[in-house]
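> Sequence and predicted structure, then a few things I'm wondering about:
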Amino acid sequence: MPHDPWIRYGLGKPGTSLRTPFDPEIPVLFVASRMFALFSRLKGRPYVNLKADPDESRLLRAQYPDAVIPGYHMNKKHWNTVFLDAGLPDDEIRYMMDTSYELVKRKLTRADKASLPLF
């Protein structure tokens with residue numbers, strides 16, 4: 001499944017967990033209590049929704065119009081849908097996942113931050 005290597009990559013980040021809060025077929029990566037990556041399919045195409053800086057979102061959408069669109073069923077300003085079958089370089093997907101993780105981690109509550117392992 002095209003999602004599997006990206007789920008494994010995300011699970012390598014400190015304090016992450018894999019859950020299915022919406023549907024057993026929709027895996028979601030969380031850092032502490034907040035999601036940073038939602039995996040699903042749209043018209044048969046595998047994708048991941050990732051949080052992004054609004055200015056950077058516009059640039060990514062312009063640079064990769066067939067691969068990055070405003071977040072499907074998400075806040076379109078802060079989330080992108082990234083199609084995993086669009087030929088994006090792996091480094092670019094890793095960068096977007098790293099960014100999503102960091103943006104979400106920054107907004108965690110003090111208690112959630114305290115629960116994260118130290119690395």
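Arrived safely. Numbers count the residues shown, from 1 in each chain.
> Wait, Ala52 touches Thr99, no?
Yes. Contact between Ala52 and Thr99 holds when scored by CB atoms under 8 Å: they sit 6.2 Å apart. Yep, even glycine has a C-beta here, placed from its N, CA and C like the rest.
> Of these two, which one has the most company?
Per other CB atoms under 10 Å, whichever of Ala52 and Thr99 has more neighbours is Ala52, with 23 against 18.
> ok, and the closest non-adjacent residue to that one?
Asn80 (5.0 Å; CB to CB, 6 or more residues apart in numbering).
> how far away is the one you found from Lys51?
The gap separating Asn80 from Lys51 is 8 Å, by CB to CB, to the nearest Å.
> three-state assignment of Ser86?
One thing to correct before we go on: residue 86 is Ala, not Ser. coil (DSSP: H, G, I helix; E, B strand; the rest coil).
> Kindly list the main-chain dihedrals of it?
Main-chain dihedrals, Ala86, degrees, to the nearest 10: phi -100, psi 10.
> Quick check, pLDDT for it.
With respect to pLDDT, Ala86 scores 96.
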